[in-house]
Structures are given as structure tokens and as C-alpha cells.
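J.: Would you be able to build a 3D model of this:
(2 chains)
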Amino acid sequence: GAGVSQSPSNKVTEKGKDVELRCDPISGHTALYWYRQSLGQGLEFLIYFQGNSAPDKSGLPSDRFSAERTGGSVSTLTIQRTQQEDSAVYLCASSLRTGGNSGNTIYFGEGSWLTVV
Amino acid sequence: QKEVEQDPGPLSVPEGAIVSLNCTYSNSAFQYFMWYRQYSRKGPELLMYTYSSGNKEDGRFTAQVDKSSKYISLFIRDSQPSDSATYLCAMSARGFKTIFGAGTRLFVKA
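T.: Reported below is the predicted structural model:
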């Protein structure tokens, strides 16, 4: 597709359930990011994939959060045993590469809005 | 200390005012500087991109980078109510992930 695609766009889940959020980056983009944004707050970095390198997981808030990127393209963010404080919008972004003029430009999806009740 | 500092605001200005948004940073290796705009319930979108120091102008928007002071700015001239949004600065070093500021909420009153 032309842009970063995320699904589902909205998800309501019960506390304790697991959820999976999907991101389809722009074709050819080697870098992929996941961010979390609570209402009225800034971007909270979660995880970063760059090509075949080991992912930077330094932003994951707990071991309930994990992400994978299959075949260097689609990524899935999984939240296990969801808690109410997990309610936020989860934004995925991709860039052509890291380093190099304009290659660092990050393009965001519209986000997956998660509500844990 | 965060790598990138940005005042979250909110900043409220009358229509037509000149708006100045700023970020400071600590990592001297940063070379790529960006400003993103985020409307409510939308993903951020790239507004301006600057490599290294200097100014860049695009319509009513001007981005400035002062690497010696580790300080970047975004100026909006003749601000409009449609400019009301959150503005996030972002920066990166070659080969490293992009770091975002917290974002400044801007309200332009008609």
C-alpha cells in the first residue's frame, strides 16, 4: 500500500485478555518502530526493528509486551494479560533506512486505539 | 536527563501571530532534524526535515537548527486555527533510531 497500514483501528478488550496489533509498513522500508501514546501525552518508544539486526526492545514497559517482524516486513505487537493502563493508541511507523539524507524520515500509520475494560 | 527536551505547552496564540516552537537536545551526534504535526486522533505527519545546521523555509513554516547550542526551532508565520495541533520535534544520528520530543500542543484562536 501507499502508507503504513495498521489493524485493527479500534480494539476493546477485557482486562486479562491478550491482544495482537498488526503493522504493514511501506514497501521497501527497512526500519520499523512501535510507539505508544496515551491520551494527551507524547510518544513513548516501545521497540525498533532495523533490517536483520536484533531489535531494540529497550522501550517495552514489561514482559507482557512483545513484538516480532516476519520476513522484514509485517510486524505484530502482542500484549499479554492486558491491564487498564495499557489503554492507549499504538502507533507504528517505518522509514526507508536509518542514516542518509531524508532516509530517516519516519512515516506513521493512523494507529490502533486500544481500550481495556 | 532526556536526550530531547520539548515544552509540552499548551501554547495558545491569536490568529495571525508568529509561533515559535523549540527543542533542545544533548546528543551532539544528531544530524537529522525533523518536525512532525499531529492532529487529534491522527498519526503524526512530517512537516519539515533539515540536515545538519541552518534554516529551511516552506511556505509559512521555517525550521532552524543551531548545532552549537543544540537547539532547534520551528516558526509558524501568520498562524491559522487550522495550525492547532501537537508539534513534535525529532532527531537522529546516522545509523541510529529517531528520538522524539514530548510534543507541544498549540492552539490558535480565531
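
J.: in chain B, which segments are predicted with low confidence?
T.: Of all residues in chain B, none has pLDDT under 70.

J.: Up against chain A, what does it have?
T.: B:6, B:8, B:32, B:34, B:36, B:41-46, B:49, B:51, B:88, B:90, B:92, B:94-103, B:105 (CB under 8 Å from any CB of the partner chain). Bear in mind the C-beta positions are built from the backbone N, C-alpha and C, glycine included.

J.: could you redo the last one with a cut-off of 6 Å?
T.: By CB under 6 Å from any CB of the partner chain, the residues of chain B that approach chain A are B:32, B:43-44, B:46, B:49, B:51, B:92, B:94-95, B:97-98, B:100, B:102-103.

J.: how close does residue A:51 get to residue A:97?
T.: Computed as CB to CB, to the nearest Å, the residue A:51 to residue A:97 distance reads 8 Å.

J.: for residue A:106, that is, sorry about that
T.: The value you get for residue A:106 to residue A:97, if CB to CB is used, is 11 Å.

J.: Mind checking which of these two has more residues around it?
T.: residue A:106 (24 against 14; other CB atoms under 10 Å in any protein chain shown).

J.: is it true that that one touches residue A:95?
T.: Yes: judged on CB atoms under 6 Å, residue A:106 makes contact with residue A:95 at a distance of 4.8 Å.

J.: between residue A:51 and residue A:97, what contacts are shared?
T.: Common contacts of residue A:51 and residue A:97, defined by CB atoms under 6 Å, 6 or more residues apart in numbering or on different chains, comprise residue A:30.

J.: As a check, name the ranges of all helices in chain A.
T.: Per DSSP state H, chain A carries no helices over any range.

J.: pLDDT weak spots in it?
T.: A:1, A:98-103.
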